[in-house]
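Chemist: when you get a sec, could you give me coordinates for this:
(chains A and B)
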Number of protein chains: 2
Amino acid sequence: MTQIRFALAQIDTCVGDLAGNAAKVLDFSRRAAEEGSAKVVVFPEMTLTGYPIEDLALRRTFRQAAWDTANDLAADLRKAGLRDLYVVVGTVGTDRATDKPYNRLVVLHDGVVWAGYDKHFLPNYGVFDEFRIFKAGDRSVVLDVDGARLGVAICEDIWQDGGPVAELAGRDIDALVTINGSPYEEGKGDVRLDLAKRRAAEVGAPLIYLNQVGGQDDLVFDGGSFVVESDGTLVERSPMFMEDLSFWTLDTGKVHQAKSTIAPLPDPDEEVYTACVLGLKDYMAKNRFTGVTLGLSGGIDSALVAAMAADAVGGANVHGISMPSMYSSDGSKDDAADLAANIGAHYDVQPIEPLFDAYQNQLHLDGVAAENLQARIRGVIVMAYSNSKGLLAVATGNKSELACGYSTIYGDAVGGYAPIKDLLKTRVWELARWRNKAAAAGVGIGGLRIVGNERGDAGTPLKDGVMIPVASIEKAPSAELRPGQKDSDSLPEYALLDKVLAAYIEHAHGRADLLADGFDEKTVDTVMRLVDRAEWKRRQYPLGPKVTALAFGRDRRLPITNAFRE
Amino acid sequence: MTQIRFALAQIDTCVGDLAGNAAKVLDFSRRAAEEGSAKVVVFPEMTLTGYPIEDLALRRTFRQAAWDTANDLAADLRKAGLRDLYVVVGTVGTDRATDKPYNRLVVLHDGVVWAGYDKHFLPNYGVFDEFRIFKAGDRSVVLDVDGARLGVAICEDIWQDGGPVAELAGRDIDALVTINGSPYEEGKGDVRLDLAKRRAAEVGAPLIYLNQVGGQDDLVFDGGSFVVESDGTLVERSPMFMEDLSFWTLDTGKVHQAKSTIAPLPDPDEEVYTACVLGLKDYMAKNRFTGVTLGLSGGIDSALVAAMAADAVGGANVHGISMPSMYSSDGSKDDAADLAANIGAHYDVQPIEPLFDAYQNQLHLDGVAAENLQARIRGVIVMAYSNSKGLLAVATGNKSELACGYSTIYGDAVGGYAPIKDLLKTRVWELARWRNKAAAAGVGIGGLRIVGNERGDAGTPLKDGVMIPVASIEKAPSAELRPGQKDSDSLPEYALLDKVLAAYIEHAHGRADLLADGFDEKTVDTVMRLVDRAEWKRRQYPLGPKVTALAFGRDRRLPITNAFRE
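Modeler: Model (predicted):
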């Protein structure tokens, strides 16, 4: 019978930043010992290297540097008076026989790298390519910490039946410690918790689920680490989208453990909105951008992206550009200006008509070519702001547009990051309404609870108490590239379109399946044709955060050259 | 003792075009029987579906359609009087127990789908993701054809030791039939042949290596099918880069087989040049483009790409645009015009100065922002030609530029295909010289031996007998975006740069390795910094044909957000 005090160190790492990640481990370890008298501090999957590292795993110098970092960190922990602490971190290892990389868990203790466990189940579906870069580990590991027997596992190891966790079920462990880099998607929190309950029951011991938090390219890690007992009782939960250090005590002599803090969950709209903001915020921070620029059309997409950008880095770091043409309505121009004022953004007006005329003097375009020209002139202006002021250009396209190719490549599609590329248009409207509700309830710019933004700086004054102008949300969507144009001239109504897209993209339903789903033939054929033809444009679209079960990008790998139409 | 007459049907399939691929199998099977009295006709890996199909494998309706196609084709072969022929094709199968896809070989015979073998070793490195989409087969298969015992294998099965081929070594086979979708890269032909010799010796029988030919997105399949005996003697070789139907007879009573045709190999420059042309040609054909447009600067990159485009689809289908600025030299303008005339291309001049002035009236840019503006104005013009004339825009960047980010995103980087993106600058020069030599030797536009172009239509008149103006090859490279600008102002000399790039990119050498390679510290740090920082641009760059051991794209998957600098 022994008591083990665990610290759950839910941190935001950066891929490749070995020194920075190690410094953060040292800092959180010190806090774990000082603030919580912890015996064991648990960090996320591949703590030292960041996650996912992709083909960096194949670089010999990277693995060598990671190894050196782990050893130096163990020594630094001892020097800091933390020799008695067991520090559980993830890193990249190497199989000496084959020189192949492992996804490895190590324990730093008493100044040395003390024990190692290699991930057994390597995810190779969706966004994951771990068979490509890692060798699978083949044995389970039990750590003895002051007489308590701690089993360990890495992320996918608990998602598949069998393997090391099944082995641990027969090894009489007192707790199962799992370190994870589990990317966010809507509704995944419940799936993880159910799974963890099942594994806790299987091994007959509490399960500690420690998840990474923060953005890495197209992935957002949502944190929300937790502890469940073998009977499924939740005894600890860390907040989502923030770094956190929580504590929980295992008493090996007790059947039921004392509860620790249980952080509340955000509502579903807040959750998705915050994921997008965190993705953008971390992309900027980790790539050293301090400000963004984007075109503000007065439409809902650019308004929502601007609000997210302001929440990520503050309105004063957002540079909105209104680029009206001869087809832009006065309402749109006013809505763009109001939005910029509400979020405290810089706001410039750059009319495109003189530029359009200059091109047309030479090119004499009409039809779609002339429409695309307007969008591309805007793209050039946005990139001019980006280049001359050192700002990150953000693209404002949503998933419905991206699916159907309803955007102009090198026009409205320019940018380094695309915060709402995984949101269907109907979801864009929902999140805009949610953001306005939150603003009315006092959540000002920067007031979301996310990494590096915990305290917020609410208080930007809102015109009429509304952050995103109501007209931007309620008017019929239009690209305003010709007189009277409406999205519905070219696309099915979004309420229908988004349902077809969810079935075709997220569920990989083919033509026969879609007809069986009850969609009419004409709509199905139109949508499939649009989606298939736009693959080449999607390949050149900027990164953006995955928030659904299946995002465009590495989550959905289809050939561009593809004649299949069923 | 029996004689089996084989036909090697080296065809160009299209991903997803089940009906078209099946029609081609029927046609080649008919020819195999009529022209060669073949008993067995062998087609490439995943003949019916095209290859690689990526996540199409996960679509239930696609697998159903492939299954229906195989059965219909078997019936059609019987109806065509070919019931006695054994037609070996690849397709996608499904494991009934798990509903997971297989990479499958089937034999169509006597009106039915007669036998099946599932690929065992699934490549999951480089450009391959087969663990993601396929289940591994787990048994070897021997076909009995008129008393001859034929072992079968699919591509990767012969690249790894053990597995079905090792099993076949103990099963007394008379020949090993392998169907392949092996993508081209420089020097790979020799590697394949050596490997095949080793496997033929292992199984103690001749090995038939049937490879696909043609372009599929970023891959080019080079054909070059062959037969080797167990002692390593080459007894048949089909041509590279062309569809082909060759014949070879197996006599099970003989130790040494009679030789068939041995197609000559192209020289190394011709090989790479032709691979680029075939990649472009097939991308266009399979995506229904008949013409291309590109900017012609008078520089070597655009000149080489224009020549390749003319070789792919004829000069009359190439629309070159000269877009001089205030910084363009007269020499450059003349070289562009000469090149266009030599290849028989359309040629327009669109000065960008009026457009540049119009922007500058509003934006007042300087430095790099003003340089990028010029490139982006050109991008808008190229895309205007593309949109208004229905032409494929091709990007002209080379691998050295792409590596270092020495190009303007949304400027010179626009396009749907990038024919020389995997050629280092020094290779660009070599291929330009080779193309001029070939032209001098009488290889006119369209005169290369590639798929669908077998007869060529040589004969476009060349000014001074030189296709690519000598000045384009010999002058110092310059982007001409400011007075007197040279590439060497920003980059190491290409002769050095390309060596560092080959080591850093193709061989994944880190900083310590590069220094050990003998490169100086300043160059190494400059190049690594440039390459790492340009990752976000490369992600948005068009597809182009892989011709080296490691191309940018899915062959090299590195995070954009990545702080590692060693």
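Chemist: how about the strands of the stretch 151-300 of chain A, start to end?
Modeler: Remark: strands assigned in the stretch 151-300 of chain A by DSSP state E, counting those that start in this stretch are A:175-180, A:207-211, A:213-216, A:219-222, A:226-228, A:234-237, A:244-251, A:292-295.
Chemist: among the ones you listed, which is nearest chain B?
Modeler: Closest to chain B of those, according to C-beta to the nearest C-beta: strand A:213-216, at 5.7 Å. C-beta: built from backbone N, CA, C; applies to glycine.
Chemist: if we can go back for a sec, right, and the strands of the stretch 151-300 of chain A - which one's nearest A:Arg539?
Modeler: strand A:219-222 (18.4 Å; C-beta to C-beta).
Chemist: which helices and strands does that closest one pack with?
Modeler: Counting contacts by 3 or more C-beta pairs under 8 Å, 6 or more residues apart in numbering or on different chains; DSSP states H and E, strand A:219-222 is packed against strand A:213-216, helix A:268-286.
Chemist: any chance of the strands of the stretch 151-300 of chain A in a markdown table, plus mean neighbour count and mean pLDDT?
Modeler: Below are those laid out as a markdown table (neighbours: other C-beta atoms under 10 Å in any protein chain shown; pLDDT from 0 to 100):
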| stretch | mean neighbour count | mean pLDDT |
| --- | --- | --- |
| strand A:175-180 | 27 | 98 |
| strand A:207-211 | 27 | 98 |
| strand A:213-216 | 28 | 98 |
| strand A:219-222 | 28 | 98 |
| strand A:226-228 | 26 | 98 |
| strand A:234-237 | 21 | 98 |
| strand A:244-251 | 21 | 97 |
| strand A:292-295 | 28 | 98 |
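Chemist: please name the residues that touch A:Leu108.
Modeler: Residues near A:Leu108 by C-beta atoms under 8 Å, 6 or more residues apart in numbering or on different chains: A:Ala70, A:Leu73, A:Ala74, A:Leu77, A:Tyr86, A:Val87, A:Val89, A:Trp114.
Chemist: that older thread, can you tell me which of the helices and strands packed on strand A:219-222 is packed in deepest?
Modeler: Ranked by mean neighbour count, these are led by strand A:213-216 with a mean of 28 (mean count of other C-beta atoms under 10 Å in any protein chain shown).
Chemist: given that one, what are its sheet partners and their directions?
Modeler: Applying DSSP bridges, strand A:213-216 is found paired with strand A:219-222 (antiparallel).
Chemist: tell me how far the strand it pairs with lies from the chain's centre.
Modeler: In terms of C-alpha atoms, centre = their mean, to the nearest Å, the centre of strand A:219-222 is found 3 Å from the chain centre.
Chemist: likewise stretch A:444-455?
Modeler: 16 Å.
Chemist: now do that stretch: everything it contacts.
Modeler: A:12, A:213-214, A:239, A:241-243, A:270, A:273-274, A:277-278, A:281-282, A:285, A:310-312, A:314-315, A:343-344, A:438, A:456-460, A:462.
Chemist: buried sites along that stretch?
Modeler: A:Gly444, A:Ile445, A:Gly446, A:Gly447, A:Leu448, A:Arg449, A:Ile450, A:Val451, A:Asn453 (16 or more other C-beta atoms under 10 Å in any protein chain shown).
Chemist: for stretch A:64-72, same thing?
Modeler: Using 16+ other C-beta under 10 Å as the test for burial, stretch A:64-72 gives A:Ala65, A:Ala66, A:Trp67, A:Thr69, A:Ala70.
Chemist: and the second one, how far from A:Gly151?
Modeler: By that I understand A:Ala66. 24 Å (C-beta to C-beta, to the nearest Å).
Chemist: hey, which helix or strand in chain A has the poorest pLDDT?
Modeler: helix A:487-490 (a mean of 89; mean pLDDT, DSSP states H and E).
Chemist: from A:Met240, how far out is A:Asp267?
Modeler: For A:Asp267, the distance to A:Met240 - C-beta to C-beta - is 12 Å.
Chemist: these two - which one has more neighbours?
Modeler: A:Met240 (27 against 12; other C-beta atoms under 10 Å in any protein chain shown).
Chemist: for that one, which non-adjacent residue is closest in space?
Modeler: Sequence neighbours aside, A:Gly224 is the residue nearest to A:Met240 in space, at 4.4 Å (criterion: C-beta to C-beta, 6 or more residues apart in numbering or on different chains).
Chemist: burial of that neighbour, as a residue count?
Modeler: Residues contacting A:Gly224 under the criterion other C-beta under 10 Å number 26.
Chemist: residue contacts, it?
Modeler: Per C-beta under 8 Å, 6+ apart, neighbours of A:Gly224: A:Gly189, A:Arg192, A:Asn211, A:Arg237, A:Ser238, A:Pro239, A:Met240, A:Ala263, A:Leu265.
Chemist: just those residues now: which is nearest chain B?
Modeler: Proximity of the contacts of A:Gly224 to chain B (C-beta to the nearest C-beta) peaks at A:Asn211, which lies at 18.5 Å.
Chemist: was I right to think A:Thr13 contacts A:Ala22?
Modeler: No. Between A:Thr13 and A:Ala22 there is no contact under C-beta atoms under 8 Å: 9.9 Å.
Chemist: can you pull the residues that touch both of the two?
Modeler: What both A:Thr13 and A:Ala22 touch, as defined by C-beta under 8 Å, 6+ apart, is the set A:Leu48.
Chemist: the two - which one has more neighbours?
Modeler: Taking neighbours as other C-beta under 10 Å, A:Thr13 and A:Ala22 compare with A:Thr13 leading, 30 against 22.
Chemist: what about the more buried one, which SS state?
Modeler: Assigned with DSSP: H, G, I helix; E, B strand; the rest coil, A:Thr13 falls in the coil class.
Chemist: what's the distance between it and A:Arg554?
Modeler: 20 Å.
Chemist: so who does the nearest residue to A:Pro477 once chain neighbours are set aside touch?
Modeler: Once flanking residues are discounted, A:Pro477 sits nearest to A:Asp487: 4.2 Å by C-beta to C-beta, 6+ apart. By C-beta under 8 Å, 6+ apart, the contact set of A:Asp487 is A:Tyr406, A:Ala476, A:Pro477, A:Ser478, A:Ala479, A:Tyr494.
Chemist: buried ones among these?
Modeler: A:Tyr406, A:Pro477, A:Ser478, A:Ala479, A:Tyr494.
Chemist: which of those lies closest to B:Glu353?
Modeler: Nearest to B:Glu353 among those: A:Ala479, at 30.2 Å, using C-beta to C-beta.
Chemist: where do the helices sit along the stretch 351-500 of chain A?
Modeler: Secondary structure of the stretch 351-500 of chain A (DSSP state H, counting those that start in this stretch): helices at A:353-363, A:367-389, A:399-404, A:425-440, A:470-474, A:487-490, A:494-501.
Chemist: can you tell me which of those is nearest to B:Gly253?
Modeler: Closest of the helices of the stretch 351-500 of chain A to B:Gly253 is helix A:399-404, at 61.1 Å (criterion: C-beta to C-beta).
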